[in-house]
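In: Need a 3D model of the sequence below.
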Amino acid sequence: QEKEANSTVFLANRDLTHMGHEYSQRGLREAVASVEVEGRVLALGEVGQSAEGACGRVGGSGELTSQHLAPPRSLVVVTSTGVLHLKKIRPVDVLQKLLEGG
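Out: Numbering: from 1, shown residues only. Model prediction:
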């Protein structure tokens, strides 16, 4: 039996850690992550709504100001070997983990 090759899913999002300065244009810097998944990717899609979609933009500031109002964004990846559920780790989630001693 021939083993099926693994796939890589690339996730890109605006880099929330880059505040920029007056000469830079907002939203042009991205954070990219890759996830190795077993099997071939057949489909993927976002589950639910993002904080911006659920709550609207708060004062035009976006995700940093509204991240605590809605659950984290999540993505479902269907592969030839199963289903993978990915959740975005927000800055507020990192803070919570640090405060809990993790």
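In: Across the sheet, point out what pairs with His85.
Out: Val76 (DSSP bridges).
In: And the pLDDT for it?
Out: Looking at His85, its pLDDT is 93.
In: What of Gly102?
Out: 63.
In: repeat for Val92
Out: So, for Val92, pLDDT stands at 87.
In: Give me the below-cutoff pLDDT ranges for this protein.
Out: Along the chain, segments meeting pLDDT under 70 span 1-3, 15-28, 49-62, 102.
In: 80 - rerun?
Out: Applying pLDDT under 80 to the chain flags residues 1-4, 13-31, 49-67, 102.
In: Please go through it and pick out the longest helix.
Out: helix 91-99 (DSSP state H).
In: what's the neighbour count on Gly82?
Out: 10 (other CB atoms under 10 Å). For every residue, glycine as well, the C-beta is placed using N, CA and C.
In: begin at 34 from here
Out: From this message on, residue numbering opens at 34, which makes the last subject Gly115.
In: any idea how far Glu69 is from it?
Out: 14 Å (CB to CB, to the nearest Å).
In: Same check on Ser113?
Out: In terms of CB to CB, Ser113 sits 14 Å off from Glu69.
In: more neighbours, the two?
Out: Taking neighbours as other CB under 10 Å, Ser113 and Glu69 compare with Ser113 leading, 13 against 8.
In: No more questions from me, cheers.
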